[in-house]
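Trainee: Fold the following, please.
(4 chains)
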Protein chains: 2
Amino acid sequence: MNDSDEGAGRTARSKRADARRNEETLLEAAAAVFVASGVEAPVRDIAAKAGVGMGTIYRHFPTRADLIIAVYRHQVEALAEAGPGLLATSPTPHAALGRWIDLFVDFLVTKHGLAAVLRSDDAGFDTLHAYFIDRLVPVCAQLLEAAADAGEIRSDVDAYGLMRGVGNLCIGADHDPRYDARRMVELLVAGLRQSRPT
Amino acid sequence: MNDSDEGAGRTARSKRADARRNEETLLEAAAAVFVASGVEAPVRDIAAKAGVGMGTIYRHFPTRADLIIAVYRHQVEALAEAGPGLLATSPTPHAALGRWIDLFVDFLVTKHGLAAVLRSDDAGFDTLHAYFIDRLVPVCAQLLEAAADAGEIRSDVDAYGLMRGVGNLCIGADHDPRYDARRMVELLVAGLRQSRPT
DNA sequence: TAAAGATACGGAACGTTGTTCCGCTTGGCA
DNA sequence: TGCCAAGCGGAACAACGTTCCGTATCTTTA
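Mentor: Just a heads-up that it's a prediction; the model follows:
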């Protein structure tokens, strides 16, 4: 939260100029390759696209997960920050929850393979997993709690499980026209509704 | 396509005895390894466990998918055949659907990594994917239609999407105690309900 | 039963990945 | 200008799925 912050002060800092340039180039190249070939694109492809060697990419981003986090950090932050606003401006907490989840789904399905990688049990992606959890689960929990307090939904659903379920539903949403992830998420969210407090 | 199977007249040429024995051994070894290390276990491990070479495994099962299909064929068939029975013995079609999906979930979550491999976009698993679709989607469609006809659920949900959604929800159900796939599937199925039965 | 031919086997070898390592290059500073 | 650590490129390594082919074994036939 500090190393890339250059808003205040203008010192060149510890990093060498070429290193900073490379990091930037790498991020752009990775973003481009992710769009073109999905998040699981070979690291070599990214290095090639950026015109750097393998060593460089691993120096800046010790694991693929770090690179993915760096590329999508802004969008994840925006998603996390959108929660409270939705809660304030939506007619009901349940509506806010629905919209927020829509945003999450939009984010996932437009990043080829990201949902799959997110739930990967591969140890290398632990930090990616943890980042998403840390950043988004609390927001979801807040929305969920508000909706539960309003009596709109069951109160026995935890945010982690829901996020995970939604993420899972988004897996493979691209390259299978017959599968509509949004629709399934819609059903899942519908299933949250309180049957009806007599 | 001519010398491999002479259907008319003579019985198809029988395989060599050692080949048949190996195939059996291989199936047992694969089943054991799948239980121990998951469906994505290295092919070499299976070959080693069976005490055969790599060539042998690939001759009998040209792709990993074929091996997986062979190992789980019986269970998938049983699942497919259970559909009509449930429909006949359950109080309502929706209950039958729920139970059948429970069986499907049980099957998936007890096979480490199977759900993940099922939705894999890896071309090598196309035949596995197709097998599950061919065998299970029609059964699910029948249950779904019965429930829709009874006015219990929305009529605009297709079996393929639902199966796919349920399968997705089961991904990573093992090795994450915080995630309860059954619960999520339950919510999804609850979401199917018609909001107003007329 | 023995030879011939078909069949199947083992495992080395290949291609593709992620990741590490190390000798060389180069930016930043005195 | 010259030093030297930060940084770089890409070869090298390990793990995987898959293919290939020389060899061993089974089956058939004389």
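Trainee: which SSE is the closest residue to A:Leu87 other than its chain neighbours in?
Mentor: Once flanking residues are discounted, A:Leu87 sits nearest to A:Ala96: 4.6 Å by C-beta to C-beta, 6 or more residues apart in numbering or on different chains. Just so you know, the C-beta spots here come from the backbone N, C-alpha and C atoms, and that holds for glycine as well. Element membership for A:Ala96 (DSSP states H and E) is helix A:93-109.
Trainee: What is that helix packed up against?
Mentor: Using 3 or more C-beta pairs under 8 Å, 6 or more residues apart in numbering or on different chains; DSSP states H and E, the elements in contact with helix A:93-109 are helix A:64-89, helix A:114-119, helix A:126-149, helix A:159-169, helix A:181-192.
Trainee: does DNA strand C sit close to the shortest one?
Mentor: No. Contact of helix A:114-119 with DNA strand C is not found when judged by C-beta under 7 Å from any atom of the strand; the minimum separation is 10.3 Å.
Trainee: and that helix, what does it pack onto?
Mentor: Where contact means 3+ C-beta pairs under 8 Å, 6+ apart, helix A:114-119 is packed against helix A:64-89, helix A:93-109, helix A:126-149, helix A:159-169.
Trainee: Would you mind measuring from the residue nearest to A:Leu87 to B:Met184?
Mentor: Going from A:Ala96 to B:Met184 by C-beta to C-beta, to the nearest Å gives 21 Å.
Trainee: More neighbours: which of the two?
Mentor: The residue with more neighbours, out of A:Ala96 and B:Met184, is B:Met184; 27 against 23, by other C-beta atoms under 10 Å in any protein chain shown.
Trainee: show me the contacts for that one.
Mentor: Counting by C-beta atoms under 8 Å, 6 or more residues apart in numbering or on different chains, B:Met184 makes contact with A:161-162, A:164-165, A:168, A:188, B:169.
Trainee: what's the answer for A:Asp102, then?
Mentor: So A:Asp102 contacts A:182, A:185 (C-beta under 8 Å, 6+ apart).
Trainee: Just the pLDDT at it, thanks.
Mentor: If you check A:Asp102, the pLDDT there is 97.
Trainee: just A:Ala123 next, same as before
Mentor: pLDDT recorded at A:Ala123 is 79.
Trainee: Ignoring the adjacent residues along the chain, who's closest to the residue nearest in space to the middle of chain A?
Mentor: With distances taken as C-alpha atoms, centre = their mean, the residue of chain A nearest its centroid is A:Val76 (5.0 Å). Distance criterion C-beta to C-beta, 6+ apart; nearest residue to A:Val76, sequence neighbours excluded, is A:Arg135 at 5.6 Å.
Trainee: that older thread, now do the buried residues in the helix holding A:Ala96.
Mentor: A:93-94, A:96-102, A:104-105, A:107-109 (16 or more other C-beta atoms under 10 Å in any protein chain shown).
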